[in-house]
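The following block contains a protein sequence and its predicted model.
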Amino acid sequence: METYSILKDLAIIVIAAKIFGLLARKLKAPQVVGEIIAGLIIGPCLLGLVQQTDFISQMAEIGVILLMFSAGLETDLKELLSTGPKAFLIACAGVFVPLVGGTLLYMGFYGTSPFGSEKFYEAVFIGVIMTATSVSITVQALKELGKLKGKVGTTILSAAIIDDVIGIVVLTFVIGFKDPDSKPVSVMIRTVLFFVFALLVGYLSYKLFKWIDSKYPHTRRIPIAGLAYCLALSYIAERYFGIADITGAYVAGIILCSIKDSDYIAEKMDINSYMLFGPVFFASIGLKTNIDSFNLEILWFSLGFVAVALICKIIGCGLAARACGFNFHDSLKIGVGMMTRGEVALIVSQKGLSVGLLSPVYFTSVILLIVVSSISTPIVLKLLYAKEKTAERDHQAFLYKKEREE
């Protein structure tokens, strides 16, 4: 009987997620927003058609691993390595300022706590959620404006890639420190050892996959082997190094992103993610969201969370871009372009919930941030570029008038 119940739950999740995802896309919002709302509607918050179960939680965990693996596969490693210190500095500022801002926001609402306490790590984790950047909306906006391949567009893309890498490392540290038996030095050593292990094993794995790719190009065995490699590295990261499994999945994607058939692997992973695991993951966030304890204080916190998350990205990335030699308007564009949040913020939130660093009621704040940032970023970017075009046209008119007068 339990098996039939699982099948019914999956059918409801997939259909509801698809319908609301399409509605969100029609309204120019990210599809994932619709899928989360679907979870809210069919879950305990409203209709109660589907309940959160261990099976759905495990399916959601596979979904998040596949999402991070795909993110790694889509990373341009050459671009990541060739961006230089400018993109790195912007990314570091884009992580540090929101991390501090989110921590201070939580402490402002719920009081300060000593280092190492439960409340302290909860405060830091709110900051960790704010560090994530999702530039898919920004990319689309820059494409429409014809500015994607410009200096600003390239800088935003490069900084966002580095931003996500740093954010995942920070997440790994915070989760490691949360363990009461762990010590800061021990966490650092395990993290360094994992990345040394990933570097050595990754080089050998890359050579092996490159050989398989040349011998059996564009065959199904390549994405199957890639998926097995992703799951294995996720397990090793969590089991032997105490590192989040999503870090292992992301590293697996980066290791394989330079082989010829990396796009083919990503395409096959997207099918699995799009058809089943992705909708289950995003809908499960809605299923886990608890609005029973939602009150005026949480509402004010959510509004503050959105404001601080957006402003800190603009300030952090914008000031770093200014320090790197960009003019004021380009620095502002970079700051605005980096303020969108999406899947990575949800993934981080999900991980925080699973390890006890985040209460389900705060998912509302994260969802609100994703919706507001996804809607506002393209609008503000368009206004900034339109203003630049107007200023340039006025300047040319002034020069022409001056020439006529002379």
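Great, that's in hand.

ok, which stretches of the stretch 201-350 of the chain are helices?
221-241, 245-256, 262-272, 278-288, 296-323, 328-337, 343-354 (DSSP state H, counting those that start in this stretch).

same deal with the stretch 51-200 of the chain?
All helices of the stretch 51-200 of the chain, identified by DSSP H, counting those that start in this stretch, fall at 54-73, 77-82, 84-110, 118-131, 136-145, 151-178, 184-215.

which one of the ones you listed has the most crowded surroundings?
helix 118-131 (a mean of 24; mean count of other CB atoms under 10 Å). From N, CA and C alone the C-beta is placed, and that goes for glycine too.

Quick one: list the elements packing against that one.
In terms of contacts (3 or more CB pairs under 8 Å, 6 or more residues apart in numbering; DSSP states H and E), helix 118-131 is packed against helix 84-110, helix 151-178, helix 296-323, helix 343-354.

center of the protein - which residue?
Nearest to the mean C-alpha position of the chain, by CA atoms, centre = their mean, lies V344 at 1.9 Å.

In contact with that one, which residues?
A71, A132, T133, S134, D164, G167 (CB atoms under 8 Å, 6 or more residues apart in numbering).

Next, the contact list for the fourth one, please.
In this structure, S134 makes contact with A160, T340, R341, G342, E343, V344, A345, judged by CB under 8 Å, 6+ apart.

Same question for the second one.
Residues counted as contacts of A132 (CB under 8 Å, 6+ apart) are D163, D164, G167, R341, G342, V344, A345, I347, V348.

State the number of residues packed around the last one.
Other residues within reach of V348 by the criterion other CB atoms under 10 Å amount to 29.

got it, and the fifth one?
Number of residues near G342 (other CB under 10 Å) recorded here: 20.

any idea how far G94 lies from G39?
For G94, the distance to G39 (CB to CB, to the nearest Å) stands at 29 Å.

To clarify, my last question referred to G153.
In terms of CB to CB, G153 sits 33 Å off from G39.

before we move on, what about D261?
Distance from D261 to G39, counting by CB to CB: 34 Å.

Same question for R322.
From R322 across to G39, the span is 41 Å (CB to CB).

repeat for G111
To G39, G111 is 32 Å away according to CB to CB.

Which one of these two is surrounded by more residues?
Legend: neighbour count by other CB under 10 Å for G111 and G39, higher for G39 (28 against 9).

for the chain, what helix or strand is lowest in average pLDDT?
Least confident helix or strand, the chain: helix 136-145 with a mean of 64, by mean pLDDT, DSSP states H and E.

rewinding a little: so can I have a markdown table of the helices and strands packed on helix 118-131 showing distance to D330 and mean pLDDT?
A markdown table is the format used below for those (distance: least, CB to CB, whole Å; pLDDT from 0 to 100):
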| stretch | distance to D330 | mean pLDDT |
| --- | --- | --- |
| helix 84-110 | 12 | 89 |
| helix 151-178 | 5 | 75 |
| helix 296-323 | 7 | 91 |
| helix 343-354 | 25 | 77 |
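
Distance to S273 added to these, as TSV?
Formatted as TSV, the helices and strands packed on helix 118-131 follow (distance: least, CB to CB, whole Å):
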stretch	distance to S273
helix 84-110	26
helix 151-178	17
helix 296-323	26
helix 343-354	10
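
Burial check on the nearest residue to F125 once chain neighbours are set aside, number of neighbours?
Nearest non-adjacent residue to F125, counting by CB to CB, 6 or more residues apart in numbering: L357, 4.3 Å away. L357 is flanked by 23 other residues according to other CB under 10 Å.

Could you look up the SS state of L357?
With DSSP: H, G, I helix; E, B strand; the rest coil as the basis, the three-state label of L357 is coil.

Could you measure from it over to K351?
Taken as CB to CB, the span from L357 to K351 is 8 Å.

can you check I236 too?
From I236 to K351 the distance is 17 Å (CB to CB).

Mind checking which of these two has more residues around it?
Neighbours were counted for I236 and for K351 using other CB under 10 Å; K351 has more, 25 against 18.

who touches the more buried one in this structure?
For K351, the contacting residues are V64, L171, I175, A244, I246, by CB under 8 Å, 6+ apart.

just V308 next, same as before
P98, G101, G102, L105, M130.

Now with 10 Å, please.
By CB atoms under 10 Å, 6 or more residues apart in numbering, the contact set of V308 is 97-98, 100-102, 104-106, 108, 126-127, 130, 369.

picking that back up, I'd like to know which of the helices of the stretch 51-200 of the chain is closest to Y274.
Closest to Y274 of these is helix 54-73 (CB to CB; 9.9 Å).

That closest one packs against which elements?
helix 2-26, helix 151-178, helix 221-241, helix 245-256, helix 262-272, helix 278-288, helix 343-354 (3 or more CB pairs under 10 Å, 6 or more residues apart in numbering; DSSP states H and E).

Now the third one: buried residues?
Yep, that's helix 221-241 we're talking about. Neighbour-count burial for helix 221-241, counted by 16 or more other CB atoms under 10 Å, picks out 222-223, 225-227, 229-231, 233-234, 236-237, 241.

now these in a markdown table, with pLDDT?
Below are these laid out as a markdown table (pLDDT from 0 to 100):
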| residue | pLDDT |
| --- | --- |
| I222 | 90 |
| P223 | 91 |
| A225 | 91 |
| G226 | 91 |
| L227 | 93 |
| Y229 | 94 |
| C230 | 93 |
| L231 | 94 |
| L233 | 93 |
| S234 | 91 |
| I236 | 92 |
| A237 | 87 |
| F241 | 84 |
